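> Everything below, folded, please.
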Amino acid sequence: MPTWRDPEVAAMQAMMAAMATPPDAPRPPWSERRAGINAMGAAVPPPESCLVEVMTLGGVPVEKIAPSNAVADRTLFYLHGGGYCVGGCASHRTMVARMAEASQATAFVIDYRLAPEHPFPAAHDDALSAWRAMLDLGRDPARTVIAGDSAGGGLSVACAVAARDAGLPLPAGLHMISPWVNLTNASPAYQAKAETDFIITQQGIDEFAESYMGARDRRDSKASPLFADLSGLPPMLIQVGSEEMLMSDSIQLAEAAGFALVDVTLRIWPDMIHIWPFFAMLSAGGRAIAESSAWIRERVA
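Residues are numbered from 1 along each chain as shown. As a prediction, the model looks like this:
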């Protein structure tokens, strides 16, 4: 087990190691895994200032999270992580509510369809449909940031590319936390960080990619926006931990966006793990949310 400078990360790894099933044990059904991430996300309730409303956008289930301090028309369009197979409003409600309150923005959490029941491009199509519908509501794209974590981070980029190609207005910014943007799952960090990343394993992320893509080309830019034309996209903030297997995805995304003349801020957080802002037990997660929220407020002041 690696030695962690952050004692909260060390405690979290020990806790997860004690709960882990043996690697040769049968994989739990998707229903059990979805219930697990939902319970983890709901372990801490959202801030009391946030009003949660269930609605739909373009036929896609959505939760609107409105903190009492929200600035008029400042909007966060959020795409959750979970490898396109788990996660949703229930798992991400608290994290997004914390971000919305800190950003003084109204958030829309998009509950896109999940694989393997709904494989590629279902998540992509739902994200774009919800973006169209949110624009139809009259929300100002110039006062909106599209954000997401892990698979939702990759989906955020893919949604912006699809909106650009469809001639739709683009948001003021894109914020990605530990984005999964290359579903071939082959980059230097997969080997370099295999011992320190206790959230993602090669076996697990390969299963997610297989469940979502099936026999489809994993380099399809709708699934792997690292291979998309990123020109014309709005400014990006990318946050990634130094100890996660997706670190190279973030670095390569920042490079590709830079070559496309996109304004990019890449923040590699030392000693941090995959999607650490998701875990309310990590104080570094709160600091990362404060950092990203300051960036969001600046983009949509």
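> quick one, strands of this structure?
50-57, 60-67, 75-79, 106-110, 144-149, 173-177, 236-241, 264-269 (DSSP state E).
> Nearest approach to Ser221 belongs to which of those strands?
strand 173-177 (15.3 Å; Cβ to Cβ). All C-beta spots, glycine's among them, are computed from the backbone N, C-alpha and C.
> what's the angle from that closest one to strand 75-79?
Going by axes from the mean of the first three to the mean of the last three Cα atoms, to 10 degrees, strand 173-177 is angled at 40 degrees with respect to strand 75-79.
> Quick one: mean pLDDT over strand 173-177.
The predicted model gives strand 173-177 an average pLDDT of 98.
> How about the contacts made by the residue most central in space within the chain?
When Cα atoms, centre = their mean is applied to the chain, the residue found nearest the centroid is Asp149 (1.3 Å). By Cβ atoms under 8 Å, 6 or more residues apart in numbering, the contact set of Asp149 is His80, Gly81, His92, Met95, Met176, Ile177, Ser178, Pro179, Ile275, Pro277, Phe278.
> Neighbours of the last one, how many?
Read it as Phe278. By other Cβ atoms under 10 Å, 26 other residues sit near Phe278.
> and the gap between it and Pro119?
To Pro119, Phe278 is 24 Å away according to Cβ to Cβ, to the nearest Å.
> so Ser293 makes contact with Ala102?
Yes. Applying Cβ atoms under 8 Å, one finds Ser293 in contact with Ala102, separated by 3.6 Å.
> Return the set of residues that bridge with Leu51.
Here Leu51 sits in beta bridges with Ala66, going by DSSP bridges.
> circling back: find the residues that touch each one of Ser293 and Ala102.
Both Ser293 and Ala102 lack any common contact, where contact means Cβ under 8 Å, 6+ apart.
> okay, the nearest residue to Leu128 once chain neighbours are set aside: pLDDT?
For Leu128, ignoring the flanking residues on the chain, the nearest one in space by Cβ to Cβ, 6 or more residues apart in numbering is Ala162 at 4.8 Å. Looking at Ala162, its pLDDT is 98.
> doesn't Asp126 make contact with Ala162?
No. Applying Cβ under 8 Å, one finds Ala162 not in contact with Asp126, separated by 11.4 Å.
> Turn the strands of the chain into a markdown table, columns for distance to Ala158.
A markdown table is the format used below for those (distance: least, Cβ to Cβ, whole Å):
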| stretch | distance to Ala158 |
| --- | --- |
| strand 50-57 | 17 |
| strand 60-67 | 15 |
| strand 75-79 | 9 |
| strand 106-110 | 13 |
| strand 144-149 | 10 |
| strand 173-177 | 11 |
| strand 236-241 | 13 |
| strand 264-269 | 17 |
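> Tell me which of these lies nearest to Glu195.
Judging these by Cβ to Cβ, what sits closest to Glu195 is strand 236-241, at 14.1 Å.
> helices and strands around that closest one, which ones?
strand 173-177, helix 247-259, strand 264-269, helix 283-299 (3 or more Cβ pairs under 8 Å, 6 or more residues apart in numbering; DSSP states H and E).
> what's the closest non-adjacent residue to Asn182?
In space, Asn182 is closest to Leu226, 4.5 Å off (Cβ to Cβ, 6+ apart).
> Return the residues in contact with Arg34.
Arg34 sits next to Val86, Gly87, Gly88, Leu114 when contact means Cβ under 8 Å, 6+ apart.
> Try it again at 6 Å.
Val86 (Cβ atoms under 6 Å, 6 or more residues apart in numbering).
> Verify the stated contact: the residue nearest to Asn182 with Pro179.
No. In terms of Cβ atoms under 6 Å, Leu226 does not count as a neighbour of Pro179; the distance is 9.1 Å.
> Thought Ile289 was touching Met99, still the case?
Yes. At 5.3 Å, Met99 counts as touching Ile289 under the criterion of Cβ under 6 Å.
> low-confidence ranges in this structure?
Residue ranges of the chain with pLDDT under 70: 1.
> what about the helices in it?
7-19, 30-41, 89-103, 122-136, 151-165, 188-192, 202-213, 247-259, 283-299 (DSSP state H).
> Cheers, nothing more for now.
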